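1. Predicted structure and sequence below. I'll ask about it afterward.
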Amino acid sequence: MARSDVGEPPRFLQLVGHPVRWRLLGELARSDRAVRELTDLVGEGQSLVSYHLTQLGAAGLVRNRHSSADRRDRYYTIDLVRCRELLQETGGSLHPALSLGVAPRPIRKSRDRSRRPRALFLCTGNSARSQMAEALLEHRSEGRVDAASAGSSPKPLHPNAVRVMKQRGIDISGNRTKHLDEFTSQQFDVVITLCDRVREVCPDFPFHPDLVHWSIPDPAVAGPNDADTYPAFERLATELSTRIEFLLVLLDESLDQEVDQ
């Protein structure tokens, strides 16, 4: 069969093929980061890093928001779903078979794994974000991940968190809120901070877990009453579901590496 002219490389390849932009995406694929952190991680000046982040943002690959802990900071977040879409489109431009997507897989019951991976979610009040993340991870992994959550200043469970989870078939109405001090002596594979403020006070954990930050605003501040904030809770549940979809793949690969060692 004659080969057609494929033309110039797709814009996505041209964009992410730059070494600095590729390294920035690699760092953001692991954790949300502030510009000052990214400059240290990639070893480039702030003006150059900001320029490349702007390019990635214009392409819809990253987004940013002001830190709730320090408004002078902005946290950058990678859009992994958009990256996946563009990678699939890019493959299809070379050969139709390469456009077929592969959905992230759940934690597998395979090989000689002797334990479940453990994940801890932290926010300030443990009333919404971390509780929802804990429930979603347990649910999406079908119980193959041991998830927990806590807060630096625990507050009662938010009714909208209960409602949104119930809408997704998950009952968290009986959950209690917990202080992060309950978990500081326990072993986790990953500790994920969901709040910019709690990241600033996150304690050290034994056995050196992966420390990941997801900069997610508190849905409870979206309005003065529950009816006003409910849409923000729905958006939160959607974002957490997406992030957890990709987290499961990383946990799975980490366990495979542990078995191989």
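-> Thanks, I have it. Numbers count the residues shown, from 1 in each chain.

2. ok, for residue 74, nearest residue in space, not its chain neighbours?
-> residue 64 (4.6 Å; C-beta to C-beta, 6 or more residues apart in numbering). Bear in mind the C-beta positions are built from the backbone N, C-alpha and C, glycine included.

3. Quick one: list the elements packing against the strand or helix carrying the one you found.
-> Using DSSP states H and E, residue 64 sits in strand 62-66. Applying 3 or more C-beta pairs under 8 Å, 6 or more residues apart in numbering; DSSP states H and E, one finds that strand 62-66 makes contact with helix 19-30, helix 46-58, strand 74-78.

4. Point out the most buried one among the ones you listed.
-> Mean neighbour count (mean count of other C-beta atoms under 10 Å) peaks for strand 74-78 among those, with a mean of 21.

5. who does that strand pair up with?
-> strand 33-34 (antiparallel), strand 62-66 (antiparallel) (DSSP bridges).

6. Using CSV, please lay out those together with mean neighbour count and distance to residue 216.
-> Compiled in CSV, the strands paired with strand 74-78 are given as follows (neighbours: other C-beta atoms under 10 Å; distance: least, C-beta to C-beta, whole Å):
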stretch, mean neighbour count, distance to residue 216
strand 33-34, 22, 14
strand 62-66, 17, 9
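
7. Of all these, which one is nearest residue 42?
-> Among these, the nearest to residue 42 by C-beta to C-beta is strand 33-34 (10.1 Å).

8. Please tell me how far residue 132 sits from residue 236.
-> From residue 132 over to residue 236 the distance is 7 Å, taken as C-beta to C-beta, to the nearest Å.

9. Looking at these two, which has the bigger crowd around it?
-> residue 132 (31 against 25; other C-beta atoms under 10 Å).

10. so who does the more buried one touch?
-> 161, 164-165, 172, 236-237, 240 (C-beta atoms under 8 Å, 6 or more residues apart in numbering).
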